[in-house]
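In: Quick one, what's the 3D model for this:
(one chain, ligands or ions: 1)
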Amino acid sequence: MSEVKPQALRAEALEAILIEKGLLTPDAVDGVIAQFNERVGPMNGARVVARAWTDPAFKQQLLSNGSVAIEEFDFSGGEVDKLVVVENTANVHNVVVCTLCSCYPWALLGLPPAWYKDPAYRSRIVREPRKVLSEFGLNLPDETDVQVWDSSAEIRYLVLPQQPANLAGLAEDDLVEHITRDSMIGVARL
Ligand code: FE
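Out: Reported below is the predicted structural model:
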């Protein structure tokens, strides 16, 4: 028998009580789960990046005010009231963390991966970013400036990856599938 985590038991008990008291319906719970499985995820962030690569005016707006720039997409999922987008260049590499807990731009990337919430990642990426990035398989040249951005309840960050040369000239819709979650957190390059 597989082990049931205490957090899962607590969540189930809480759900059962809220339904019993008529404060919550089972449909509402299923709806939230479906939302995060099907409509909220890294594909949303990828659409934003693809637009920025193909539309210079949008990119400028995205870098100056991320929250306003993404309004036109009408994403659900939340956690992007103050979105700051940081651009990777040939000489600058950005990576995102939440040292306190697990703050993350849900509407753009979905729910955070387990390693993002791990205390080891949260403390080490600040102290030794190059070493941690190399463990993700990303070895940056010494001359690259590595910037670590600490998310908070107020500010969520998204990395705008560099467009690889082999994707030059592709249409926005065709670019989307090439843009990965990890490249938008900054633990990978494309
Ligand atoms: Fe947090």
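In: So which bits of the helix or strand hosting residue 85 are buried?
Out: According to DSSP states H and E, residue 85 maps onto strand 83-87. Of all the residues in strand 83-87, those buried under the rule 16 or more other C-beta atoms under 10 Å are 83, 84, 85, 86. In short, each C-beta sits where N, CA and C put it, glycine included.
In: what's around residue 20, how many residues?
Out: 9 (other C-beta atoms under 10 Å).
In: Tell me the spacing between it and residue 8.
Out: According to C-beta to C-beta, to the nearest Å, residue 20 stands 19 Å off from residue 8.
In: Please state the offset of the helix or strand harbouring residue 16 from the chain centre?
Out: Assigned by DSSP H and E, residue 16 belongs to helix 6-20. Distance, stretch centre to chain centre, for helix 6-20: 28 Å (C-alpha atoms, centre = their mean, to the nearest Å).
In: How about stretch 76-85?
Out: Taking the mean of its C-alpha atoms, stretch 76-85 sits 10 Å from the chain's own mean (C-alpha atoms, centre = their mean).
In: Show the pLDDT at the residue positioned nearest the centre of the chain.
Out: In the chain, the C-alpha nearest the mean C-alpha coordinate belongs to residue 109, at 3.7 Å (C-alpha atoms, centre = their mean). pLDDT, residue 109: 95.
In: swap in the one 3 residues further on?
Out: Residue 112 is assigned a predicted lDDT (pLDDT) of 91.
In: Does it touch residue 102 like I think?
Out: Yes. With contact defined as C-beta atoms under 8 Å, residue 112 counts as touching residue 102 (5.2 Å).
In: Which one's more surrounded, the two?
Out: Ranked by neighbour count (other C-beta under 10 Å), residue 112 and residue 102 place residue 112 first, with 18 against 15.
In: Residues of this structure that sit close to the ion?
Out: Within the chain, the residues that sit near the ion (C-beta under 5 Å from the ion) are 98, 100, 101, 102, 103.
In: Looking at these, which are in helices?
Out: Counting by DSSP state H, no part of the residues of the chain next to the ion is found in helices.
In: For the buried ones among these, write the corresponding PyMOL selection.
Out: A single PyMOL command is used to select the members of these judged buried by 16+ other C-beta under 10 Å:
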select buried, resi 98+103
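In: Turn the residues of the chain next to the ion into a markdown table, including pLDDT and distance to residue 54.
Out: Putting those into a markdown table (pLDDT from 0 to 100; distance: C-beta to C-beta, whole Å) gives the following:
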| residue | pLDDT | distance to residue 54 |
| --- | --- | --- |
| 98 | 96 | 30 |
| 100 | 94 | 35 |
| 101 | 92 | 35 |
| 102 | 92 | 32 |
| 103 | 94 | 29 |
